[in-house]
Structure formats: structure tokens, C-alpha cells
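**Student:** Let me see the structure of the following:
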Amino acid sequence: MKAADAGSNIRIIALEGDVSAALEAEIAGLVEEVPGKGTVILDFHAAASLDNTALSMLLRLPNTAGHKGKRLLTAGLKGRLLDAFRLARLDESISCFDSIASALKHAGYSGQAPPDLVKPAQGNPASPGDDPWAKPVFRLNVKPMPKAAINLNVKGRRVSGPLQGFGQLWQKTYRIYLPGNTSPAQAISILKQNFTRFQPPANRFFPPPEGISPGEVILINADTPGGLVVTGVMVLYAGPESFTFITPQGHPEAGWVTFSSFKEGDSTIVQIQGLARAGDPVYELAFRIAGSKLQQGIWTHVLQSMLKHLNVDGQVQVTPVCLDTRLQWNRFFNVFLNAQILSMLYTPVLLLRKIRRR
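**Tutor:** Numbering: from 1, shown residues only. Predicted coordinates:
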């Protein structure tokens, strides 16, 4: 990684090789040094891959203490890396440019780019072997599901990341520790294979026959204190040691949740990390009253179920962090796609169908 300044308040950070959240502390330090409300250009010309944790890193950078007010731009994202960026809808807040020169121009700098950071575009080649990223899609489609599954509030919707939500931006991390003889790949395989079984009884997941695979849509029919919620998620990324869900419009949260496993000392950590905002004002109010605690109960139950499945004693560690206290009032009208409200309106239809089947 290299960094160079263009002018007094513009910094270019050149990323190389595999880009993930492992680089976050180093990048954050370089961002911190930019004075005031400066601009940071992340140059991806020499990047070979971008994993799911990198998306969360890019979203956190402008919201971390000391970084607020700084503008983040990218240059050189191409091919599947650009597809992933756009699929997560990060490009709606973080502008993407083909070259460093065009990013500098957008930032208001008229001079030449630092010569040691100018590289020819390498095109971000596609990942070898199986591509862990979902293919670009504008509207979600749902494959045939079991008769028990209610298909509502997902088909035809767009995905909605943390930038498209209304409420405060929260990062909530749940962790368990497994013995070191369980590898991260084995842990994620176990979680994938038992994902629906590990859910609490009121939270019914309906994955397609392909299971948790890139681009697949999973329906969710959940009973909550506020009534039935029919929604779903799309598998944004699925690799051997992690996978990420992204929510559709109308879901209680707008964002993504990443399930990962990695080594730490003699232990293998299994982690669930959500990065999301409440989808609309109704959901924000609900989360503040009780929804946040209910959500914590769901993911705690999943990890406790995994511990029980593996006959491992342990506790779930929960770490909630509010990254941005602001409400995005320009997303107020998300309420018209609220899945809980629409599910409640659908409930009489569901009851009539059940009566007719008798």
C-alpha cells in the first residue's frame, strides 16, 4: 500500500492485491492524517480482489471518529469488483472514477497526479475459480419455494444497503469461540448446512435448493410481537470462510449481515456482524422500543444453537456500536414499502386461503 498527497487536503491511497477489512487499521490511519474535510481517493488499479469484509470497511471509513466530514472516492474499480460495488449500492454515496486524474478533477484539484501512484488500468481481473460475488441484478427474483413459504415483499424489489436506510447506523457483532481443531472453512460449512435449523422457531428461513450460494434469494417468514413479517434476503457473497446477506427494500433493516470464521490464537472464532440502519421511520421507532433486543435474541440463538450442535460450552459475545446517530430523512418514504405493514394487510388473505383449503 502506498499513499501520496495531491495538494493540502487530498490523499491518494493505492491498494494492491487482495483488499479486505484486514487493511482497515492501516487505511484508517492514513485517512486520519488528512486535514479537515479533505478528500481520500482509494486507488484500486492494482487490486486483484475485493471480499465482503471490504464493503463494510469502505462504509465504516467515513463514519469513524476523526473521519467524519471527509469525502471518499474510488478510482480504477473495474470488472467484477465494480459490479460488486454497484450491487451493494455503495456507488450511490462513494463516487467511482476510471482514473486517478478524473477523481482528482472531481475533488477540485487541477494539478498532476503524484507520478509514483499513476498506474495503467489493470482491469481488476475476475477471481479465479468460483466467483463468490452475486452477479449484478437490478430487481430480485424468487425461485419456486415450498408451499409453506409465503412469497411477498421480495420479488421485484431492489436490494437496499446501509446507505439506503433511514435510521441510525449500527454495527452489531456476535461471536463465539470454538476449539482450534475446527477450521474456519469447517465452521462456515456447518453454519451453512444448518442455517435454517439454528434459527429460533418464530424465524422461518426458506432457502432455494442451491442453498446459500451467490445471488440466491432466501425467503423469511417471521412471527414478531408486531405481527407477521414476510421478507427475505439475497446472498451477496458466499466464499469458503464467509458469506453475506443483503436486504431488499422494505426489510426491517437496510444493510447487510456477514457470517465469517477466522483463527485467533488457539481458537476458531465464528462471527455474525450486521451493518445496517432501520429501513424507515416505523422500523426505527420499533427498534428503539424493542426490535433491537429481539434482533439480538435471533443471532444469539443462532450461535448458541451452533455451540450446542458442536457440544461446545461457551457464551455469545455481543458488541453493538452506533457508527452514525443521524437519521436520513431523505429516506422517509421507504415506509411505503414497509414489509411488516404490507404483511399485516396480507394476513386476512392468508386466513381466507387457509379456510378454503379445509
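
**Student:** switch to C-alpha atoms for all contacts and neighbour counts from now on
**Tutor:** Noted.

**Student:** Just checking, which helix or strand of this protein averages the lowest pLDDT?
**Tutor:** Sorting the helices and strands of the chain by mean pLDDT, DSSP states H and E puts helix 339-357 at the bottom, at a mean of 79.

**Student:** Past the helix or strand encompassing Ile188, which element shows up next along the chain?
**Tutor:** According to DSSP states H and E, Ile188 maps onto helix 184-193. Next in sequence after helix 184-193, counting helices and strands by DSSP H and E, comes strand 203-206.

**Student:** and for that next one, what are the contacting residues?
**Tutor:** If you take Cα atoms under 8 Å, 6 or more residues apart in numbering as the criterion, strand 203-206 is touched by 145-146, 149, 196, 199, 218-223, 298.

**Student:** what about the strands in the stretch 101-250 of the chain?
**Tutor:** 159-160, 169-179, 203-206, 217-224, 227-238, 242-248 (DSSP state E, counting those that start in this stretch).

**Student:** what's the spacing between Arg288 and Leu294?
**Tutor:** For Arg288, the distance to Leu294 equals 11 Å [Cα to Cα, to the nearest Å].

**Student:** that older thread, mind listing what's buried along the helix holding Ile188?
**Tutor:** For helix 184-193, the neighbour count (16 or more other Cα atoms under 10 Å) marks 184-185, 187-189, 191-192 as buried.

**Student:** pLDDT and distance to Ala46 added to these, as TSV?
**Tutor:** Output for the buried residues of helix 184-193, formatted as TSV (pLDDT from 0 to 100; distance: Cα to Cα, whole Å):
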residue	pLDDT	distance to Ala46
Pro184	97	28
Ala185	97	28
Ala187	97	32
Ile188	98	30
Ser189	97	31
Leu191	98	34
Lys192	97	33
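
**Student:** Which residue lies nearest the spatial centre of the chain?
**Tutor:** A centroid search over the chain (Cα atoms, centre = their mean) returns Trp256, at 2.8 Å, as the residue closest to the centre.

**Student:** what about Ser292, which helix or strand?
**Tutor:** Using DSSP H and E, Ser292 sits in helix 292-309.

**Student:** to the chain's geometric centre, what's the distance from that helix?
**Tutor:** Relative to the centre of its chain, helix 292-309 is centred 19 Å away, using Cα atoms, centre = their mean, to the nearest Å.

**Student:** isn't Gly180 right up against Phe262?
**Tutor:** No - look at Gly180 against Phe262 with Cα atoms under 8 Å: they stay out of range, at 10.0 Å.

**Student:** on that earlier part again, between the contacts of strand 203-206, which has the most around it?
**Tutor:** Highest neighbour count within these: Leu219, with 26 neighbours (other Cα atoms under 10 Å).

**Student:** is it true that that one touches Gly232?
**Tutor:** Yes - between Leu219 and Gly232 there is a contact at 4.1 Å, judged by Cα under 8 Å.

**Student:** what do the two both touch?
**Tutor:** Jointly contacting Leu219 and Gly232 under the rule Cα under 8 Å, 6+ apart are Val154.

**Student:** could you list every residue that touches the residue nearest to Leu50 when sequence neighbours are not counted?
**Tutor:** Closest residue to Leu50 in three dimensions, ignoring its sequence neighbours and counting by Cα to Cα, 6 or more residues apart in numbering: Val19, at 4.9 Å. Neighbour list for Val19: 47-51, 54 [criterion: Cα under 8 Å, 6+ apart].

**Student:** Report the two of those separated the most.
**Tutor:** The span of these, defined through Cα to Cα, is set by Ala48 and Ala54 at 12.8 Å.

**Student:** Give me the nearest residue to Ala187, chain neighbours excluded.
**Tutor:** Ser261 is the one closest to Ala187 (Cα to Cα, 6+ apart), at 6.7 Å.

**Student:** Same check on Gly274?
**Tutor:** With sequence-adjacent residues excluded and distances taken as Cα to Cα, 6+ apart, Gly274 is closest to Val257, at 4.1 Å.

**Student:** so which strand or helix has the one you found?
**Tutor:** Under the criterion of DSSP H and E, Val257 resides in strand 253-264.

**Student:** got the buried residues for that strand?
**Tutor:** 253-263.

**Student:** Could you do stretch 306-325 as well?
**Tutor:** For stretch 306-325, the buried set under the neighbour-count rule, 16+ other Cα under 10 Å, comprises 306-307, 316, 318, 323-324.

**Student:** So, low pLDDT: which residues of this protein?
**Tutor:** Along the chain, the parts satisfying pLDDT under 70 run over 64-68, 115-129, 350-351, 353-354, 356-358.

**Student:** domain ranges for it?
**Tutor:** The chain breaks down into these domains under automatic domain parsing: 2-117, 159-357.

**Student:** and of these, who's closest to Pro132?
**Tutor:** domain 159-357 (5.0 Å).

**Student:** Work out for me the element the closest residue to Glu24 other than its chain neighbours sits within.
**Tutor:** Leaving aside its sequence neighbours, Glu24 sits nearest to Met57 (Cα to Cα, 6+ apart; 6.3 Å). Taking DSSP H and E as the definition, Met57 sits inside helix 52-60.
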